[in-house]
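Visitor: give the three-dimensional model of this entry:
(one chain, ligands or ions: 1)
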Amino acid sequence: RRKWKRVVGVLKELEESCETTVGRLRQVVDAMAVEMHAGLASEGGSKLKMLLTFVDNLPSGSEKGTFYGLDLGGTNFRVLRVELGGQRSSFDRDVAQQAIPPRLMTGRSEDLFDFIASSLQHLVEKGNDSEQSPIIKELGFTFSFPVKQTSVSSGILIKWTKGFAITDMVGKEVAGVLQQTLARKGLNMQVAVLVNNTVGTLALGHYHDADTVAAVIIGTGTNACYWERTDAIIKCQGLLTTSGGMVVNMEWGNFWSSHMPRTSYDIELDAESPNPNDQGFEKMISGMYLGDIVRRVILRMSQESDVFGPVFSSLSVPFALGTPLMAAMHEDDSPELTKVARILKDDLKIPDLPLKARKLVVKVCDVVARRAARLAAAGIVGILKKIGRDGSGCIRVGRTRSDTKMRRTVVAIEGSLYTQYTMFREYLHEALHEILGEDIAQHVILKVTEDGSGTGAALLAASHSSKS
Ligand code: ADP
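Guide: As a prediction, this is how the structure comes out:
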């Protein structure tokens, strides 16, 4: 009995150290807005890099013609062609996707880019657009690795991530390498834009809805970008664009604030990661890590009590519990928690856990997912606050709050955490409403886009086309 109390104690302690009261979330909102300012003020001024993208216009829906997109850096590699008829609704798409063969991820850049160019060649051959056509085909290239952007269509690779390691590419101008390969293959195609995946998501969101001001991705990792006025980008004096604005890539996965509720599990996870002290926000909210936080808590519980039987070695294996399994346990609504029992038995090799202990496991998932979703919501409101869309700066027309004039504000969102994990999504919405208040929150819409990183790049090629 005493031992059972200890397990309950572990849960209680977790709940307390994961607390995200609305007051605390508002402090995170403020910290996000402050860090955004700092990152825009000077290079290295904040944990938020606030990278310039040189994307100074977003697709509006009036674009016309055939454009290509290429998406490298997500789970899959994609090439696609869009046919744009000049109206939002006249939009046609052809996509081909495949996994990058692992040997190409660590080989020579020439082999990787040859492979990419061949996929594009295939796509061109499949379409009506003749390969020999004298008209140059324009391509949007989404390259989701750290890049120091030098113009809208060029940038230098800082380092590889996600298992890629092609050393001869680091320090090279990425679009240039692709451009040379395309020329060598005799493809009359030009890289019109080079972007990060969140920028593609924002572009696709804006193509469908002109009130879209920011984009957020919560998948394996997490990042966000938004539309900023150039005069607010202080670190780049004299930056002029016709639109007066530019998309800023926040790299928000690296955000950190002392107001974020942090547990001993987070500290351990960070210390054991290949990038300690890095990507603090990402380690609390994205798919790569949530399951592992839960695993660490269950491990602690099993060390505290024999309710879980002997300490199971499978629980000590990092990343033994993936976030999809965590979600499946969390969302098990069977009275006997049969799914939880199955996952514990099959995936963590913990058989015969009593029902009351299985309930505790579900509760752990709930605490970890809820904290993640609420922090993500605070991040989103932080962006809205920075651009004056959180309702705090609005003019009150009448005496009541409902008279407040608040512009409709859309945030494009992608990633499996939001689209596949229902509880996560619901907690995120709930927190948005708590932080903003109903009157403001009703004007803030999160809209799911699909394959923004690929399609958005093609749309940006259209809106930045040299032909228009
Ligand atoms: P990307 O790898 O391009 O970010 P996704 O947006 O699909 O792709 O995100 C994948 C991440 O989402 C993985 O970390 C995975 O663990 C997590 N994930 C996938 N499906 C689910 C689910 N149903 N519930 C919770 N997490 C999920």
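Visitor: quick one, what contacts the closest residue to the ligand within the stretch 251-400 of the chain?
Guide: In the stretch 251-400 of the chain, the residue that lies nearest the ligand is residue 287 (2.6 Å; Cβ to the nearest ligand atom). The way it works is simple: take the backbone N, C-alpha and C, and place the C-beta from them, glycine included. Listed by Cβ atoms under 8 Å, 6 or more residues apart in numbering, the contact partners of residue 287 are 218-221, 323, 415-417.
Visitor: can we see that at 7 Å?
Guide: By Cβ atoms under 7 Å, 6 or more residues apart in numbering, the residues touching residue 287 are 219-220, 323, 416-417.
Visitor: can you map out the strands along the stretch 251-400 of the chain?
Guide: With DSSP state E, counting those that start in this stretch, there are no strands along the stretch 251-400 of the chain.
Visitor: and it, which residues reach the ligand?
Guide: 287-288, 322-324, 327 (Cβ under 6 Å from any ligand atom).
Visitor: again, but for the stretch 101-250 of the chain
Guide: Within the stretch 101-250 of the chain, the positions near the ligand by Cβ under 6 Å from any ligand atom are 219-220.
Visitor: could you redo the last one with a cut-off of 8 Å?
Guide: Proximity of the stretch 101-250 of the chain to the ligand is confined to 197, 217-221 under the rule Cβ under 8 Å from any ligand atom.
Visitor: need the max-distance pair from these.
Guide: Largest separation among those by Cβ to Cβ: 197 and 218, giving 12.1 Å.
Visitor: any common contacting residues for these two?
Guide: The contact sets of residue 197 and residue 218 do not overlap (Cβ under 7 Å, 6+ apart).
Visitor: neighbours of residue 432, how many?
Guide: For residue 432, the number of neighbouring residues by other Cβ atoms under 10 Å comes to 23.
Visitor: over to it. Which of the three states is it?
Guide: For residue 432, the assignment made with DSSP: H, G, I helix; E, B strand; the rest coil gives helix.
Visitor: quick one on the thing from earlier: by neighbour count, which of the residues of the stretch 251-400 of the chain next to the ligand wins?
Guide: The most neighbours of any of these, using other Cβ under 10 Å, belong to residue 323, which has 29 neighbours.
Visitor: what's near enough to touch that residue?
Guide: Residues near residue 323 by Cβ under 7 Å, 6+ apart: 287, 290-291.
Visitor: report pLDDT for it.
Guide: Looking at residue 323, its pLDDT stands at 98.
Visitor: helix, strand, or coil at the residue nearest the centre of the chain?
Guide: Against the mean C-alpha coordinate of the chain, by Cα atoms, centre = their mean, the closest residue is residue 217 at 2.3 Å. Following three-state DSSP, the label given to residue 217 is strand.
Visitor: if we can go back for a sec, and which of the contacts of residue 287 is nearest to the ligand?
Guide: Taking Cβ to the nearest ligand atom as the measure, the ligand sits nearest to residue 219 out of those, at 2.3 Å.
Visitor: in stretch 297-310, which residues are buried?
Guide: 297-302, 304-305, 307-308 (16 or more other Cβ atoms under 10 Å).
Visitor: now do it, average pLDDT.
Guide: Stretch 297-310 comes out with an average pLDDT of 87.
Visitor: for the stretch 1-150 of the chain, give me the ranges with low pLDDT.
Guide: Residue ranges of the stretch 1-150 of the chain with pLDDT under 70: 1-2, 74-75, 128-134.
Visitor: can you give me the helices for it?
Guide: For the stretch 1-150 of the chain, the helices defined by DSSP state H, counting those that start in this stretch cover 2-17, 22-41, 102-105, 109-126.
Visitor: so for residue 93, which of those sits nearest?
Guide: helix 109-126 (11.3 Å).
Visitor: which parts of that closest one are buried?
Guide: Quick answer for helix 109-126 (16+ other Cβ under 10 Å): 109, 112-113, 115-117, 119-121, 123-124.
Visitor: against which helices or strands is it packed?
Guide: Helix 109-126 sits against strand 64-72, strand 77-85, strand 91-98, helix 102-105, helix 174-184, with contacts defined as 3 or more Cβ pairs under 7 Å, 6 or more residues apart in numbering; DSSP states H and E.
Visitor: off-centre distance for it?
Guide: Relative to the chain's own centre, helix 109-126 is displaced by 27 Å; criterion: Cα atoms, centre = their mean, to the nearest Å.
Visitor: the inter-axis angle of that helix versus helix 174-184?
Guide: Calculated by axes from the mean of the first three to the mean of the last three Cα atoms, to 10 degrees, helix 109-126 forms an angle of 60 degrees with helix 174-184.
Visitor: can I get helix 109-126 as PDB, trimmed to CA atoms?
Guide: Provided in PDB are the C-alpha atoms of helix 109-126 (Å, rounded to 0.1, in the frame of the first residue of the first chain):
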ATOM      1  CA  SER A 109      26.000  15.900 -53.000                       C
ATOM      2  CA  GLU A 110      26.200  15.000 -56.700                       C
ATOM      3  CA  ASP A 111      24.400  11.700 -56.200                       C
ATOM      4  CA  LEU A 112      21.700  13.200 -54.000                       C
ATOM      5  CA  PHE A 113      21.000  16.100 -56.500                       C
ATOM      6  CA  ASP A 114      21.100  13.700 -59.500                       C
ATOM      7  CA  PHE A 115      18.400  11.700 -57.800                       C
ATOM      8  CA  ILE A 116      16.300  14.800 -57.100                       C
ATOM      9  CA  ALA A 117      16.700  16.100 -60.700                       C
ATOM     10  CA  SER A 118      15.700  12.700 -62.100                       C
ATOM     11  CA  SER A 119      12.500  12.800 -60.100                       C
ATOM     12  CA  LEU A 120      11.700  16.200 -61.500                       C
ATOM     13  CA  GLN A 121      12.500  15.000 -65.000                       C
ATOM     14  CA  HIS A 122      10.000  12.200 -64.500                       C
ATOM     15  CA  LEU A 123       7.400  14.600 -63.400                       C
ATOM     16  CA  VAL A 124       8.000  17.000 -66.300                       C
ATOM     17  CA  GLU A 125       7.800  14.000 -68.800                       C
ATOM     18  CA  LYS A 126       4.500  12.900 -67.200                       C
END
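Visitor: thanks a lot, see you next time.
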